[in-house]
Each structure stands twice: as C-alpha cells, then as structure tokens.
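[1] missing the sequence, but the structure's below:
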Ligand code: SAM
Ligand code: SF4
C-alpha cells in the first residue's frame, strides 16, 4: 500500500524509479566521465548508509518501485553490502519490484554472491572494449581481466548481466560486431549509449567522442536482421532484437532521439541532493531535511513531493550545431549515471 497517491510530476509522469549514487569515488578514470585529476567530495559530506536507507525508504513508501544503485563506483563504497542487505527488506514486503546496480565490474568477483543473496537479480556492467590495451586507455586505471572475472562471477552467482557500452567515435567503432557477438555467446544483452556532455573531462573532446547511436544501428543492419520491438525496461532505452542471435540490443539516444517524454525517474547523489533531471541544473537538498529533522519522516516526504512538483520537462543536450549544447557542469559520476 502506498502512503500517498504516489509521486506525480507536473507533466503527469509517475515517478517510480530512483537512481542513487552512493559515492562519487571510483577506481577508474574513464576518459568521457572524468579527468585523471578529478577531485572528490570530502567523505564527511556523504550521507551515511543509514541516512541513505532512510531516504530511499521514504521514496519507496511514496511509490518508487525500482531502485538502481550507482556512483562513482558503488562497489568501492565501504560496507555497501550492508546497505543492500538492509534496503532489500522492501523486496520482501513487495513495495520494491527491483533492486539493481550499475557497476564498472572491477569488484564484482568479490561481491557477486553477496549481491545475489540480497535479492539482486540483474546488474549492468559498463564495458566499452574487449581489447585489454584499449580498456586501459579508456578507463585509464582499469584492468580488463578483472572485469571479465567479475562478469564470470556474476553469471555464476545467478545474476543476469547486461553490458552498457558508450559508443565512442574512432575508439570502439571497429569492435561493434565483436562486442555484440561476445554478448550473444554469453547470453547477455547489450545497450549502446551516446556520450553526453556531463562535467569537465580535461583535454578530451566531446564532439570528437560522439558517435550517433543511429549510425550504430545502421552498422548492425549490415550484419544482422534488426527487428524493432516495443519492449521497454522502464528506462530510456529503446530495444531491437537481432533475429539471428535472438539477442536484445538497446540504444540510449539522449542526443539523436530525446527520450524525456516518458521519463519516470529522479536521481539522488551521495550527499543527498535530488536531481529531478539528468540534464538540468535544478536540484533540491534533501540532506538538510534529513539531518535537520532526524525523527520527522513527514517533513522528508513533503520535501520529496515538493521536489517532484518541480521536475522539468526535459534536457537540452544538443550537438547538432557542431558545438556542445546543454553542457552540464556536473559529472555523470556525481549525479549517478
Ligand atoms: N561506475 C559505474 C559504471 O561505470 O558503470 C557506475 C557509474 S557510471 C557514471 C554509469 C554509466 O554512465 C556508465 O555506463 C558510463 O559508461 C556512463 N557514462 C559516464 N559518463 C558518461 C557520459 N559523459 N556520457 C554517457 N555515458 C556516460
Ligand atoms: Fe568510474 Fe563509471 Fe565514471 Fe568510469 S564511467 S570513471 S567506471 S564512474
């Protein structure tokens, strides 16, 4: 039973999906995500795991039925499994339909079984290349072998793995077919994501990185029969099926096809700031309510409803004029990609 009529925004969109960044820190430095010399928030500013639980639970009671934990790298946050264990009680009550996470995979070999024990059934693993050298280049600090071991461990633990690949011009264009085939061979779906203008990335060039997912689809059509499907996962991805492999391929196209009209989500960062839209600067500080009214969940619920009532219609990302339009000062790792 919902505590209220749910979270409805001004455009009659029902908000049922919360993405939570539990840390802005990461053991990788992906070139499109952050600069090598990224500075992180002081640890004292982060919500404690108990505060994260209280906040997420308030959203769940108000109608959020899908919770995705992300970061930074969620699995580098100390004691994160305790948080998963605790919040998974809402799966037991039926308020939460799905608890899931997005990870770079580096720590999955350590935590896959524990995650499954907490009721997690699906994980998204970000992987842009299957070439060890290119992997070191794009992640700067990552090791491909460790991520592959993590994916093995996840599958062995019974987790369904979906691969997320950022489509990067001149970087993984030549691996499109091999990535798709590799996923098909391991019974994994794959989603291609267009690079978004989030945060300062040092000397890297966004326009140079951008490879339209429309072109990715056209390339797939050269090798496979691509069938449109009406399947949705409650997110912005559009899906096709490759007839020959039966595999599902997703496209997240914030630039070439705006997906805002069906947006059902909001994002919370690790210091308790709620972002009503990934691509707009507006936000609400829920930490001050959380800490200012430690025993008053009604005040928290009011603040959440007030924030949803100010959710904007959509983002303004645009590369169409050869420049970066709608650039955001925040990093994806800060907001929770
Ligand atoms: N560290 C975890 C990971 O890499 O999966 C979770 C956080 S990461 C910010 C979430 C997703 O955002 C990853 O799939 C990553 O590739 C993607 N991402 C990061 N920066 C991006 C950008 N500027 N444009 C598009 N996707 C981006
Ligand atoms: Fe870390 Fe994920 Fe950003 Fe890569 S994309 S630097 S793994 S947060």
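    Here it is on my side, so go on. Since this is a predicted model, take the numbers as computed values, not measurements. Ligands and ions are numbered 1, 2, ... in the order given.

[2] so residue 120 touches residue 103, yeah?
    No: contact between residue 120 and residue 103 fails when scored by CB atoms under 8 Å: they sit 10.7 Å apart. To be clear about C-beta, it is placed using only N, CA and C from the backbone, and glycine gets the same treatment.

[3] can you list the weak-confidence ranges in the chain?
    Low-confidence segments of the chain (pLDDT under 70): 1-4, 197-199, 201, 203-207, 233-235, 254-259, 279, 315-337.

[4] give me phi/psi at the residue of it positioned farthest from its centre?
    What lies farthest from the middle of the chain is residue 295; by CA atoms, centre = their mean that is 30.7 Å. Phi and psi for residue 295, reported as degrees, to the nearest 10, are phi -110, psi 10.

[5] ditto for the one 4 residues further on
    Dihedral angles of residue 299 (phi, psi; degrees, to the nearest 10) stand at phi -60, psi -40.

[6] so what's it closest to, chain neighbours aside?
    Once flanking residues are discounted, residue 299 sits nearest to residue 293: 4.3 Å by CB to CB, 6 or more residues apart in numbering.

[7] now the one you found: how far from residue 62?
    Counting by CB to CB, to the nearest Å, the gap from residue 293 to residue 62 is 16 Å.

[8] higher neighbour count, the two?
    Shown here are residue 293 and residue 62; by other CB atoms under 10 Å, residue 62 has more neighbours (22 against 14).

[9] does ligand 1 sit close to stretch 131-146?
    No: if you take CB under 6 Å from any ligand atom as the test, stretch 131-146 misses ligand 1, and the best it gets is 8.8 Å.

[10] contact partners of that stretch?
    The contact list for stretch 131-146, computed with CB atoms under 8 Å, 6 or more residues apart in numbering, reads 27-32, 36, 104-106, 109, 128-130, 147, 168, 171-172, 175.

[11] same for whichever helix or strand residue 59 is part of, what does it pack against?
    Using DSSP states H and E, residue 59 falls within helix 49-61. With contacts defined as 3 or more CB pairs under 8 Å, 6 or more residues apart in numbering; DSSP states H and E, the packing partners of helix 49-61 are strand 17-21, strand 66-70, helix 80-87, strand 265-268, helix 287-292, helix 297-308.

[12] what are the buried residues along stretch 33-44?
    Buried residues in stretch 33-44, counted by 16 or more other CB atoms under 10 Å: 33, 34, 35, 38, 40.

[13] surely the last one is in a helix?
    No: assigned with DSSP: H, G, I helix; E, B strand; the rest coil, residue 40 falls outside any helix and is coil.

[14] the longest strand seen in the chain near ligand 2 anywhere?
    Ranked by residue count, the top strand of the chain under DSSP state E comes out as strand 160-167. No: for strand 160-167, no contact with ligand 2 is found by CB under 6 Å from any ligand atom; the gap never falls below 8.0 Å.

[15] for residue 268, which non-adjacent residue is closest in space?
    residue 20 (4.8 Å).

[16] up against ligand 1, what does the stretch 51-200 of the chain have?
    Residues of the stretch 51-200 of the chain lying near ligand 1 (CB under 6 Å from any ligand atom): 70-71, 73, 102-104, 126, 164, 166, 193, 195-196, 198.

[17] return the member of those residues nearest to ligand 2.
    Ligand 2 lies nearest to residue 104 out of these, by CB to the nearest ligand atom, at 3.5 Å.

[18] was I right about the closest one contacting residue 123?
    No: here residue 104 does not reach residue 123: they are 11.0 Å apart, not a contact under CB under 8 Å.

[19] what parts of this structure come near ligand 2?
    Contact residues, the chain versus ligand 2 (CB under 6 Å from any ligand atom): 26, 28, 29, 30, 33, 34, 71, 72, 73, 104, 126, 333.

[20] next step: those residues restricted to strands.
    residue 126.

[21] of the residues of the chain next to ligand 2 - the most surrounded one?
    Most neighbours among the residues of the chain next to ligand 2, by other CB under 10 Å: residue 72, with 29 neighbours.

[22] quick one: residue 314 from residue 56, how far?
    For residue 314, the distance to residue 56 - CB to CB - is 25 Å.

[23] let me fix that, I meant to ask about residue 176.
    Taking CB to CB, one finds residue 176 at 37 Å from residue 56.

[24] who's more crowded, those two?
    Neighbour count, other CB under 10 Å: between residue 176 and residue 56, residue 56 has more, with 24 against 20.

[25] so what's the residue count around the spatially closest residue to the more buried one that is not a sequence neighbour?
    Using CB to CB, 6+ apart and skipping the chain neighbours, the partner closest in space to residue 56 is residue 87 (5.7 Å). Residues contacting residue 87 under the criterion other CB under 10 Å number 22.

[26] just checking, residue 87 touches residue 99?
    Yes: using CB under 8 Å, residue 87 is in contact with residue 99, at 6.7 Å.

[27] which element is residue 191 on?
    Using DSSP H and E, the element containing residue 191 is strand 189-194.
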